[in-house]
Structure formats: structure tokens, C-alpha cells
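Engineer: Sequence and computational prediction follow.
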Amino acid sequence: MDFLHCSGAICAACILSWGVVAQADDNSPVALSQDFQIERLLTPSVTELAAEDRGSVYIYDSLEMKQINTALDQHFDRIENMMFIRIHHLPPTGTGPAEVEDDDCA
């Protein structure tokens, strides 16, 4: 069963990651995917927490490093249930494109 949860999370991450490279408007599938991931990361539902208690791991794709640091500070007890790929590092000035970590998961 753990294998099914992990493979399901990997499939979900692949589906969510298609086309996530570009910045998008607030109603685009990319933006909605980002909103879903941030909500799941920072305010998981009772069902999501129960899945994590059973060993489920969720793969978060293309989040900003600031969001990840916030989650790790606020939800450190859940860290074993989180995996992050294609992390976006914003430039210090806030202008220009984000640098994306190459995780070689292609």
C-alpha cells in the first residue's frame, strides 16, 4: 500500500508539473496547482494528515524557496512526508526570472 501511495504522489506531481515553468495569471491551471500545493503544504486537511500518518509522501513541484522555508519552520514534524522538486529561487532584487533547481528527475 505504501508503494501505491508513493507512486500515486509521483503521478500527481507529474500531472501538476506539466507546463509549470512559466508564470501564469491567477486563474490558470498552473496558478491553481500552485495554490493547491501551498494550501496542502501549510494547512493540510484532516484526511491529508491521516494519509501522512500512514506514511504517505507528497511531492511538491515548483514552489518558491520562501514558501518551503515557511513550511519547514511551521510544520517541521511533517518533514518526512514532504518532497520538493524544481524549487524556485527568486533573485534578491525581486526582479528577473527565478532560478530553478535542476533535480534531474526528468
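Structural biologist: Looks like it arrived, so ask away.

Engineer: Only C-alpha atoms from now on, for both contacts and neighbour counts.
Structural biologist: OK.

Engineer: buried sites along stretch 33-45?
Structural biologist: 33-34, 37-38, 41 (16 or more other C-alpha atoms under 10 Å).

Engineer: Please work out the average pLDDT along whatever helix or strand residue 66 lives in.
Structural biologist: Using DSSP states H and E, residue 66 sits within helix 65-74. Mean pLDDT, helix 65-74: 95.

Engineer: Any idea how many residues pack against the residue lying closest to residue 100 once chain neighbours are set aside?
Structural biologist: Once flanking residues are discounted, residue 100 sits nearest to residue 88: 4.6 Å by C-alpha to C-alpha, 6 or more residues apart in numbering. The burial count assigned to residue 88 is 21, neighbours taken as other C-alpha atoms under 10 Å.

Engineer: List the contacts of residue 88.
Structural biologist: Residue 88 is in contact with 62-65, 98-101, counting by C-alpha atoms under 8 Å, 6 or more residues apart in numbering.

Engineer: Of these, which belong to helices?
Structural biologist: Secondary structure defined by DSSP state H assigns residue 65 of these to helices.

Engineer: Who are the contact partners of residue 64?
Structural biologist: Per C-alpha under 8 Å, 6+ apart, neighbours of residue 64: 87-90.

Engineer: If you could redo that for residue 38, that was the one I meant.
Structural biologist: Counting by C-alpha under 8 Å, 6+ apart, residue 38 has contacts 63, 67.

Engineer: So what does the residue most central in space within the chain have for phi and psi?
Structural biologist: Among the residues of the chain, the one closest to the centroid is residue 60, at 1.9 Å (C-alpha atoms, centre = their mean). Note on residue 60: its backbone torsions stand at phi -90, psi 130 [degrees, to the nearest 10].

Engineer: what's the weakest-modelled helix or strand in this structure?
Structural biologist: Lowest by mean pLDDT, DSSP states H and E among the helices and strands of the chain is helix 2-17, with a mean of 46.
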